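fold the following.
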Amino acid sequence: MKDILSEIIAHKRIEIERQKQAVSLSQLQEQVATMIQEDTTTITTGAGHRRSMKGALAASSSGIIAEFKRRSPSKGWIKETAQADCIPPEYEAAGASALSILTDEKFFGGSLRDIRTARPLVNIPILRKDFIIDEYQLLQARIVGADSVLLIASCLTPDECHALTAQAHELGLEVLLEVHSSAELSYINKDTDMVGVNNRNLGSFVTDVENSIRIAEELKHAVTGINFDTPPLLVSESGISQPETIRRLRSAGFRGFLIGETFMRTEHPGDTLRNFIQQ
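Below you'll find the predicted structure:
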C-alpha cells in the first residue's frame with residue numbers, strides 16, 4: 001500500500017525550503033522577537049501561554065477539539081468551499097473547547113491564512129495541525145496566532161521531537177505530541193504538554209478508534225514513569241463519530257477528543273457539533 005506520510009514529508013521539505021528562499025529564517029526570528037517584546041503576557045519567560053489548550057481541555061466538560069479541514073489525501077474534498085471566518089466561530093459558539101486548523105495546502109487544502117483569519121474571531125485555543133519538521137514552521141505558527149502545534153512522532157526522531165518541543169515552548173506554544181503505536185511512547189518526555197493517540201494510520205490513512213483504547217494502559221504507565229511538573233493531558237484523535245465513543249475514551253483516561261470529518265461533512269458543522277455535545 002502506498003505510504004502517504006512519506007510522500008507528504010518529502011513534499012513538506014521542498015515546500016519549507018521554497019518558503020525560506022522567499023522569507024528567511026532570520027527574518028521570521030526577528031519578527032517573532034518583536035512580537036514577544038510587545039506581548040506583555042509572554043515577555044517575562046517567553047513561555048507564558050496566552051491561551052492554554054491543555055488548560056482548556058482539562059477544564060472542559062466535553063473536551064472537544066473541533067477541526068477545520070477541507071480535504072484529506074485518502075478521501076479527497078470534504079468541504080472545498082469552507083471559510084475560516086465562518087466555521088471556527090460557529091464551533092466556538094457551539095461549545096468547542098479548542099480548534100484544530102489544518103494548514104497543509106497540497107494534501108489538505110489549508111493554509112496559514114486560515115489561522116490568521118480565525119484568530120481574531122475566536123477566544124479558544126488554536127492548534128496548528130500540520131507536518132512540522134522544522135523550527136521555521138513553529139515561527140510561522142507563532143506569527144499567525146496559533147497557541148499550540150502538533151508534533152508527529154512518526155515524522156521525527158526522538159531528538160528532533162525534543163528539540164522542537166523546547167523551541168515551541170520558547171515561543172510560548174504548547175505541544176500536542178502525536179503517537180500511533182506503543183513503540184512511539186518513548187517520545188514522551190517531561191516537557192510534553194499533551195499526548196495524542198492518532199486512530200488513523202498515517203501510512204494507509206485507515207482509521208480505527210480502538211487504537212486509543214488499546215494503547216491507553218501502556219500510555220498511562222509510560223506517563224507515570226516520568227517526572228513531570230504536571231502530567232500531559234491525553235487526547236484521542238480521528239475516527240470519533242458517536243458520543244458513546246467519547247464516553248468510552250474518557251473512562252480510559254482521555255480528556256481531549258479531536259473530531260473533524262464528523263462535523264465538516266455536514267451542511268452546518270457548528271450545529272452538528274452542538275447536537276453532538278447535547279447527546
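
buried sites along stretch 210-219?
Neighbour-count burial for stretch 210-219 flags 211-213, 215-216, 219 (criterion: 16 or more other CB atoms under 10 Å). (Each C-beta comes from the backbone N, C-alpha and C, glycine too.)

got it, and stretch 263-279?
By neighbour count with 16+ other CB under 10 Å, stretch 263-279 contains the buried residues 263-264, 269-270, 272-274, 276-277.

how far out from the middle of the chain is it?
Centroid separation for stretch 263-279 versus its chain: 20 Å, with CA atoms, centre = their mean, to the nearest Å.

first-to-last residue distance for it?
The first and last residues of stretch 263-279 sit 14 Å apart, counting by CA to CA, to the nearest Å.

pLDDT of that stretch, averaged?
Here stretch 263-279 scores 95 as its mean pLDDT.

got a list of contacts for it?
Applying CB atoms under 8 Å, 6 or more residues apart in numbering, the contact partners of stretch 263-279 are 62, 64, 66-70, 78-79, 82, 87, 90-91, 93-96, 243, 259, 262.

can you rerun that using 10 Å?
For stretch 263-279, the external contacting residues (CB atoms under 10 Å, 6 or more residues apart in numbering) are 61-62, 64, 66-72, 75, 78-79, 82, 86-97, 240-244, 246, 259-262.

return the subset of those residues lying in strands.
Judged by DSSP state E, the subset of the contacts of stretch 263-279 located in strands is 64, 66-68, 71-72, 259.

most neighbours, which of these?
Ala66 (33 neighbours; other CB atoms under 10 Å).

ok, it touching Pro125?
No. Between Ala66 and Pro125 there is no contact under CB atoms under 10 Å: 11.4 Å.

can you check which residues contact both of these two?
96-100.

adding neighbour count, write those residues out as CSV.
CSV is the format used below for those (neighbours: other CB atoms under 10 Å):
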residue, neighbour count
Ala96, 28
Ser97, 25
Ala98, 30
Leu99, 28
Ser100, 27
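
and of the residues you listed, the nearest to Gly172?
Ala98 (16.0 Å; CB to CB).

show me what contacts the closest one?
Contact partners of Ala98, counting by CB under 10 Å, 6+ apart, are 51-57, 60, 63-67, 91-92, 122, 124-127, 147-148, 176, 235, 256, 258.

which among the shared contacts of Ala66 and Pro125 gets closest to Ala163?
The closest of the shared contacts of Ala66 and Pro125 to Ala163 turns out to be Ser100 (CB to CB; 23.3 Å).

now do the helices in the stretch 101-250 of the chain.
Applying DSSP state H, counting those that start in this stretch to the stretch 101-250 of the chain gives helices spanning 112-118, 135-144, 158-170, 210-224, 243-251.

let me know the pLDDT of the closest residue to Phe107 other than its chain neighbours.
Distance criterion CB to CB, 6 or more residues apart in numbering; nearest residue to Phe107, sequence neighbours excluded, is Pro73 at 4.7 Å. Pro73 is assigned a pLDDT of 83 by the prediction.
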